[in-house]
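A.B. asks: no sequence on hand, only this structure:
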């Protein structure tokens, strides 16, 4: 919700007026000089929308203020051209409305367009969220990263490395919505008051690493050539892409990282296809390159890669993980009910590379159980299991 600054207004005063932490208002207005706002300037107030209201007989600004539970000056701020002493029946007013509901609906087949639409809606209501494209997919789609928080400790979680594991993306977007909702309403999530974590941690969310692949699984063949013909060839002529994990070029993005890549390449398919082909070398695919560059630039304290399925958490790689990893995975297991597994015979994954190159905790979390893609009917159960892990990633 945007308000127009009056002479003498301050951001601190807006925080008092709307019962909103000053930091959230400041972070919702990047580039604004908080000490020198001026009359006529537009300022975003997060967690609010305004509604149009038509004046009825007997209405007054004072009565509306009392009925709506807002300070009188909040209504005056939103209606600066209105004479509060002379309301006219039928006159239009703007009234503030605190958002207390989820503004995105994620329980549906969740392709790249659904993601971008929801990100735009979330940014509109919660402008302290920051999203950018960290690169472009093979088909030139943005690879979004969202950040929430202002702390010096950076934590990263990602989803949809694998195309038919797309349910991981709406899990992350619902958590983003729940986190923002808790911040702007001063409420907790599972008993945790969230504002201290906002101050302490910057959470990076790689919401959909493989947008082309997700769209292929959900929407079917692309119309564009040569992608249409190529992907049909990689899938041996079949138009059933429910088993497709790879990117649109038939490369498995979670086999693309330089962490014993040669061992993974030696035992995996030698041709492009729906799954497990690691490419001709590490980091050949733009999606994997974008994730590598993000990680190199971000000084992440730990990372979590969300996949499906199995209800397990993999937390080791070649015994290079630090001792704290075991403590962390045991807490993740406690809050989710998932099984911690230190190592399996698998290489070249994102968390493998992170552990190897940074010697910091990295985790692959296999959400849910069943045959990929997991049905959207499992979403609520999967979300509740993952919610504990996401919260724990902030306090560990």
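C.D. replies: Done, it's in. Predicted model only: the values in this text are computed from it and were never measured.
A.B. asks: which residue of this structure sits farthest from its center?
C.D. replies: Distance from the C-alpha centroid of the chain, by C-alpha atoms, centre = their mean, peaks at residue 86 (46.4 Å).
A.B. asks: give the contact list for that residue.
C.D. replies: For residue 86, the contact set (C-beta atoms under 8 Å, 6 or more residues apart in numbering) is empty. C-beta here means a position set from N, CA and C on the backbone, and glycine is covered the same way.
A.B. asks: surely it is in a strand?
C.D. replies: No: using DSSP: H, G, I helix; E, B strand; the rest coil, the assignment for residue 86 is coil, not a strand.
A.B. asks: number the residues from 44 up from this point.
C.D. replies: I'll keep to 44 as the first residue from here, and by that count the last item is residue 129.
A.B. asks: so for it, what's the pLDDT?
C.D. replies: If you check residue 129, the pLDDT there is 93.
A.B. asks: and residue 292, by the same measure?
C.D. replies: pLDDT at residue 292 comes out at 98.
A.B. asks: leaving out sequence neighbours, find the closest residue to it.
C.D. replies: Leaving aside its chain neighbours, residue 292 sits nearest to residue 181 (5.5 Å; criterion: C-beta to C-beta, 6 or more residues apart in numbering).
A.B. asks: I'd like the distance between that neighbour and residue 308.
C.D. replies: 20 Å (C-beta to C-beta, to the nearest Å).
A.B. asks: okay, now residue 82: neighbour count?
C.D. replies: Residues near residue 82, counting by other C-beta atoms under 10 Å, number 10.
A.B. asks: wait, isn't the residue nearest to residue 292 in contact with residue 329?
C.D. replies: Yes: counting by C-beta atoms under 8 Å, residue 181 does reach residue 329; the two are 6.1 Å apart.
A.B. asks: for stretch 270-278, which positions count as buried?
C.D. replies: By 16 or more other C-beta atoms under 10 Å, the buried positions in stretch 270-278 come out as 270, 274, 277, 278.
A.B. asks: ah, wrong one, I meant stretch 228-236
C.D. replies: Buried positions in stretch 228-236, judged by neighbour count with 16+ other C-beta under 10 Å: residue 232.
A.B. asks: assumed residue 369 was part of a strand.
C.D. replies: No: with three-state DSSP as the criterion, residue 369 is located in helix rather than a strand.
A.B. asks: show me what contacts it?
C.D. replies: Each residue near residue 369 by C-beta under 8 Å, 6+ apart is listed here: 358, 383, 385.
A.B. asks: state the distance from it to residue 78.
C.D. replies: For residue 369, the distance to residue 78 - C-beta to C-beta - is 47 Å.
A.B. asks: also residue 208?
C.D. replies: Distance, residue 208 to residue 78, using C-beta to C-beta: 47 Å.
A.B. asks: so which residues of the stretch 244-393 of the chain form helices?
C.D. replies: Using DSSP state H, counting those that start in this stretch, the helices of the stretch 244-393 of the chain run over residues 254-262, 270-277, 304-310, 329-341, 367-379, 393-401.
A.B. asks: make a markdown table out of those helices and add mean pLDDT and distance to residue 139.
C.D. replies: Below are the helices of the stretch 244-393 of the chain laid out as a markdown table (pLDDT from 0 to 100; distance: least, C-beta to C-beta, whole Å):
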| stretch | mean pLDDT | distance to residue 139 |
| --- | --- | --- |
| helix 254-262 | 98 | 36 |
| helix 270-277 | 98 | 47 |
| helix 304-310 | 97 | 54 |
| helix 329-341 | 98 | 36 |
| helix 367-379 | 98 | 36 |
| helix 393-401 | 98 | 43 |
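A.B. asks: wait, which of those helices is closest to residue 89?
C.D. replies: For those, the distance to residue 89 is smallest for helix 329-341, at 24.0 Å, taking C-beta to C-beta.
A.B. asks: what residues does that closest one touch?
C.D. replies: For helix 329-341, contacts defined as C-beta under 8 Å, 6+ apart pick out 177-181, 186, 188, 197, 199, 201, 247, 249, 252-253, 290, 296, 299-300, 325-326, 346, 393, 396-397.
A.B. asks: equivalent analysis for stretch 308-326, please.
C.D. replies: By C-beta under 8 Å, 6+ apart, stretch 308-326 touches 205, 277-278, 284, 286-289, 292-295, 298-301, 304, 307, 328, 331-332, 335, 391.
A.B. asks: ok, now stretch 415-425?
C.D. replies: 149-152, 205, 207-210, 213-214, 260, 285-286, 288, 351-352, 410-411, 413.
A.B. asks: quick one: buried ones out of those residues?
C.D. replies: Using 16+ other C-beta under 10 Å, the buried ones in the contacts of stretch 415-425 are 149, 205, 207-210, 213-214, 260, 286, 288, 351-352, 410-411.
A.B. asks: ok, of those residues, which one's closest to residue 377?
C.D. replies: residue 410 (16.3 Å).
A.B. asks: what are the ranges of the strands in this structure?
C.D. replies: Along the chain, counting by DSSP state E, strands occupy 45-47, 85-87, 91-97, 135-141, 173-179, 185-191, 196-201, 231-232, 235-236, 244-249, 343-351, 355-357, 382-384, 405-410.
A.B. asks: which one of the ones you listed lies closest to residue 70?
C.D. replies: Closest among these, using C-beta to C-beta: strand 173-179, at 8.3 Å.
A.B. asks: the closest one pairs with which strands?
C.D. replies: strand 185-191 (antiparallel) (DSSP bridges).
A.B. asks: now the partner strand: average pLDDT?
C.D. replies: Average pLDDT, strand 185-191: 98.
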